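Asks: Just need the structure, nothing else, for what follows:
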Amino acid sequence: MHAKKRGNRVNLYRSSYVRKGENGNTHGYAVSAFVGSLPVDSREIPPLLAKTLTAEERQYVERVVIEPALRAMEEKQREAQEREWDPHWRIDEALSLLREASERILEGSVAADAGQVARLWKLVGEIGGVRDLPPPEASISKSDADPLGDALAAVQRAVQSVRAGHYGPAPESGMKSTSVYLAWSAITSAVGGRAEDSLLRALQGEGWVRQAAPRASLG
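Replies: Residues are numbered from 1 along each chain as shown. Alright, predicted model coming up:
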């Protein structure tokens with residue numbers, strides 16, 4: 001007997017040899033007769049098929065079909081049990097979701113209040129590995145009623161984006177002509193510059209700031 005796998009089934013054939021001259025033939029040849037088939041993952045021989053097989057043929061089917069299927073089932077069960085007890089893939093999935101949440105917050109595509117961000121940070125502290133979430137004290141939701149809060153949230157998003165590699169490392173030369181440096185210069189001037197339209201001067205004018213803040217170094 002021999003077996004041939006076709007799709008998800010195993011076809012069984014009974015082989016015989018016709019000798020030369022047995023049927024008037026000039027040469028001997030082998031013939032195969034189809035006996036039956038069974039699913040490739042069968043864990044026992046179907047009763048109807050078993051009745052058509054000899055004891056030797058049943059042993060053959062057990063060896064080439066049933067035993068491999070049983071081993072595959074045991075291996076699958078073992079892997080499922082290991083996965084059930086393994087925390088690593090759960091941690092990987094949790095980190096992936098946290099990174100996605102961070103990206104959405106940093107992009108500003110969703111609003112997250114301080115409580116939501118704090119919960120994310122708590123999870124980050126328990127799991128580790130995510131460093132690009134805004135700090136928990138920041139309210140990411142934009143509000144026209146609090147432009148300073150919006151400005152702070154925007155700066156914090158920018159900080160986390162830079163740290164996450166959004167711009168990459170600075171060039172070894174010609175850094176002061178890059179768009180990043182020029183943007184940083186404009187920001188520092190708009191926030192703490194001496195021009196009357198800077199945020200510092202505006203706050204001083206209303207009495208919120210009584211002493212000029214030190215200028216940030218531009219490198």
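Asks: Helix, strand, or coil at residue 35?
Replies: strand (DSSP: H, G, I helix; E, B strand; the rest coil).
Asks: per-residue pLDDT, it?
Replies: Here the pLDDT value assigned to residue 35 is 92.
Asks: Quick check: phi and psi on the residue lying closest to it once chain neighbours are set aside?
Replies: Nearest in space to residue 35, with sequence neighbours left out and distances taken as Cβ to Cβ, 6 or more residues apart in numbering, is residue 12 at 4.5 Å. C-beta coordinates here come from the backbone N, C-alpha and C atoms, glycine included. Per-residue torsions, residue 12: phi -110, psi 140 (degrees, to the nearest 10).
Asks: Give me the distance between residue 12 and residue 31.
Replies: Distance, residue 12 to residue 31, using Cβ to Cβ, to the nearest Å: 15 Å.
Asks: Tell me which residue is most central in the chain.
Replies: residue 96 (5.9 Å; Cα atoms, centre = their mean).
Asks: any weak-confidence spans in this structure?
Replies: Within the chain, the ranges that satisfy pLDDT under 70 run 102-145, 211-219.
Asks: show me where it has strands.
Replies: Secondary structure of the chain (DSSP state E): strands located at 2-6, 9-18, 29-39.
Asks: do you know how far the residue of the chain positioned farthest from its centre is from residue 33?
Replies: Most distant residue from the mean C-alpha position of the chain: residue 24, 68.1 Å away (Cα atoms, centre = their mean). Per Cβ to Cβ, residue 24 is found 20 Å from residue 33.
Asks: same thing with residue 155?
Replies: The separation that residue 155 has from residue 33, given Cβ to Cβ, amounts to 81 Å.
Asks: The two: which is more packed in?
Replies: residue 155 (13 against 10; other Cβ atoms under 10 Å).
Asks: rewinding a little: and the residue nearest to the centre of the chain, how close does it get to residue 90?
Replies: In terms of Cβ to Cβ, residue 96 sits 11 Å off from residue 90.
Asks: repeat for residue 182
Replies: Taking Cβ to Cβ, one finds residue 182 at 45 Å from residue 90.
Asks: Likewise for residue 74?
Replies: 24 Å.
Asks: How about residue 63?
Replies: Residue 63 is 40 Å from residue 90, by Cβ to Cβ.
Asks: any idea how far residue 57 is from residue 51?
Replies: In terms of Cβ to Cβ, residue 51 sits 11 Å off from residue 57.
Asks: what about these two, which has more around it?
Replies: Between residue 51 and residue 57, residue 57 has the larger neighbour count (other Cβ under 10 Å), namely 17 against 9.
Asks: pretty sure that one contacts residue 13?
Replies: No. Using Cβ atoms under 8 Å, residue 57 makes no contact with residue 13, being 10.6 Å away.
Asks: which residues do these two both contact?
Replies: Common contact partners of residue 57 and residue 13 (Cβ atoms under 8 Å, 6 or more residues apart in numbering): 1, 35.
Asks: Now do the end-to-end distance for stretch 52-72.
Replies: 26 Å (Cα to Cα, to the nearest Å).
Asks: For it, list every residue counted as buried.
Replies: Neighbour-count burial for stretch 52-72 flags 53, 57-58, 60-61, 65-66, 69 (criterion: 16 or more other Cβ atoms under 10 Å).
Asks: And the residue lying closest to residue 46 once chain neighbours are set aside, how far from residue 69?
Replies: Among residues not flanking residue 46 along the chain, residue 38 sits closest, at 5.7 Å (Cβ to Cβ, 6+ apart). Distance, residue 38 to residue 69, by Cβ to Cβ: 10 Å.
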